[in-house]
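Q: Based on what follows, work out the 3D shape:
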Amino acid sequence: MRSHRDELPCEGALWQKNIVNPAAHGTAVRNSILCKDAIQIHPQVDELHLCTAVVCRVLLRIEKMTIKALIFDMDGTLVDSERVHWLAWKQTLAADGMDIPDYNDFKKYVGVSDEQMAQEFSAAANEKLDPHHLVTRKCSAYLDLVPQIELLPGVVQTLERWRGRFSMAVASSSPCRELIALLEHHDLRNRFVQVVGGDLVPRKKPAPDIYQMAVSLLGVSPSACIAFEDSQSGVAAAKGAGLTVVAVPHPMSADHDFGNADVVLDSLVDFDERLLQELVPHTQ
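A: I've put the predicted structure just below:
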């Protein structure tokens, strides 16, 4: 059971000053933002102290619940790039006489960084391969294939819907030059005020580092951001950084566990005003 003190919206300032004494009045101060209601219940409460404390408390709560930025994963969220990643790795490993799993089996690598994949491929090679060299070559092959990569359904509509209302950023484990190349190819670079790649942080997803850097560069609090992800590791990264997370599974990640996401959608375009208000009621 909550005490009278728990119900007091400005408990710190008022209780320390002993301005309100529930035992003397027999009625708890309602948890209301209307100062006049509290004054009517407790006429001897100093109105200035009460109003100041209540307003500060309410504004703080609203501030914490107000969304200021949308942060998007890239591969599988904004662009349909998984097959091109597979092709780039296939070309890279073929040069060393290695095979790569079939595309349908490649889905186990969705949400896995190039560095981790290179470590696995290197360990499986007959000859010792330099993982860093593998990643460099794969990135080069991938950049040559960027013109083959298409935007996923609803991306342009989603970015237009929230353009000018929220700051938008990209947060991906892929290196920055891949992210920039994709955005420039689709003429979307100017939609995002920040682009954070995995090469800018010590740890990649599922660690929260990428989202922590994105939030810091945006100059907002994690609670003021919504992340959009298509993989289990991406959801873990965003939640670990304290963001609200919308999962939009890609066909290659449909079997991932999205239980930690705040909501799971079929398409980015399903994220509309109604859903925004349900997630964060005080967003303007």
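Q: mind listing the strands for this protein?
A: 69-72, 79-80, 150-151, 167-171, 194-196, 225-229, 244-247, 263-264 (DSSP state E).
Q: from the ones you listed, which stretch is densest packed?
A: strand 225-229 (a mean of 27; mean count of other C-beta atoms under 10 Å). Quick note: C-beta positions are derived from backbone N, CA and C, even for glycine.
Q: So which other helices or strands are in contact with that one?
A: Secondary-structure packing of strand 225-229 (3 or more C-beta pairs under 8 Å, 6 or more residues apart in numbering; DSSP states H and E): strand 69-72, helix 209-218, helix 232-240, strand 244-247.
Q: As a markdown table, those with distance to residue 170 and mean pLDDT would be great.
A: Conversion of the helices and strands packed on strand 225-229 to a markdown table gives the following (distance: least, C-beta to C-beta, whole Å; pLDDT from 0 to 100):
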| stretch | distance to residue 170 | mean pLDDT |
| --- | --- | --- |
| strand 69-72 | 6 | 98 |
| helix 209-218 | 8 | 98 |
| helix 232-240 | 12 | 97 |
| strand 244-247 | 15 | 98 |
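Q: Which one of those lies nearest to residue 88?
A: helix 232-240 (19.6 Å; C-beta to C-beta).
Q: ok, back up a step: for the strands of the chain, give me TSV that also has distance to residue 90.
A: Formatted as TSV, these follow (distance: least, C-beta to C-beta, whole Å):
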stretch	distance to residue 90
strand 69-72	27
strand 79-80	17
strand 150-151	19
strand 167-171	26
strand 194-196	27
strand 225-229	26
strand 244-247	28
strand 263-264	31
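Q: Point to the helix or strand of this protein where mean pLDDT is at its lowest.
A: Across the helices and strands of the chain, mean confidence by mean pLDDT, DSSP states H and E is lowest for helix 11-16: a mean of 31.
Q: With respect to residue 85, which of the helices and strands packed on strand 225-229 lies nearest?
A: Across the helices and strands packed on strand 225-229, closest to residue 85 is helix 232-240 (C-beta to C-beta), at 14.7 Å.
Q: Mind listing residues that contact that closest one?
A: The contact list for helix 232-240, computed with C-beta atoms under 8 Å, 6 or more residues apart in numbering, reads 71, 73, 77, 111-112, 171, 205-211, 227, 229, 245, 247, 253, 256-258, 260-261.
Q: Repeat that for stretch 142-154.
A: Residues contacting stretch 142-154 (C-beta under 8 Å, 6+ apart): 76-81, 84-85, 87-88, 177-178, 181-182, 185-186, 250, 267-270.
Q: same question, stretch 198-212
A: Against stretch 198-212 from outside (C-beta under 8 Å, 6+ apart): 71, 111, 113-116, 171-176, 196-197, 213, 222, 225, 227, 231-234, 236-238, 240-243.
Q: Buried subset of the contacts of helix 232-240, written for PyMOL?
A: In PyMOL syntax, the buried subset of those is picked out as below (16 or more other C-beta atoms under 10 Å):
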select buried, resi 71+73+77+111+112+171+205+206+207+208+209+210+211+227+229+245+247+253+256+258+261
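Q: For stretch 220-235, C-alpha coordinates in PDB please.
A: The C-alpha coordinates for stretch 220-235 follow below in PDB (Å, rounded to 0.1, in the frame of the first residue of the first chain):
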ATOM      1  CA  VAL A 220      19.600  13.900 -26.000                       C
ATOM      2  CA  SER A 221      18.800  11.400 -23.200                       C
ATOM      3  CA  PRO A 222      18.300   7.700 -24.100                       C
ATOM      4  CA  SER A 223      14.700   7.900 -22.900                       C
ATOM      5  CA  ALA A 224      14.100  10.600 -25.500                       C
ATOM      6  CA  CYS A 225      15.000   8.200 -28.400                       C
ATOM      7  CA  ILE A 226      13.300   5.400 -30.300                       C
ATOM      8  CA  ALA A 227      15.400   2.800 -32.000                       C
ATOM      9  CA  PHE A 228      14.400   0.700 -35.000                       C
ATOM     10  CA  GLU A 229      16.000  -2.700 -35.400                       C
ATOM     11  CA  ASP A 230      15.600  -5.900 -37.300                       C
ATOM     12  CA  SER A 231      17.800  -8.300 -35.300                       C
ATOM     13  CA  GLN A 232      17.900  -9.700 -31.800                       C
ATOM     14  CA  SER A 233      21.400  -8.300 -31.200                       C
ATOM     15  CA  GLY A 234      20.300  -4.900 -32.400                       C
ATOM     16  CA  VAL A 235      17.400  -4.900 -30.000                       C
END
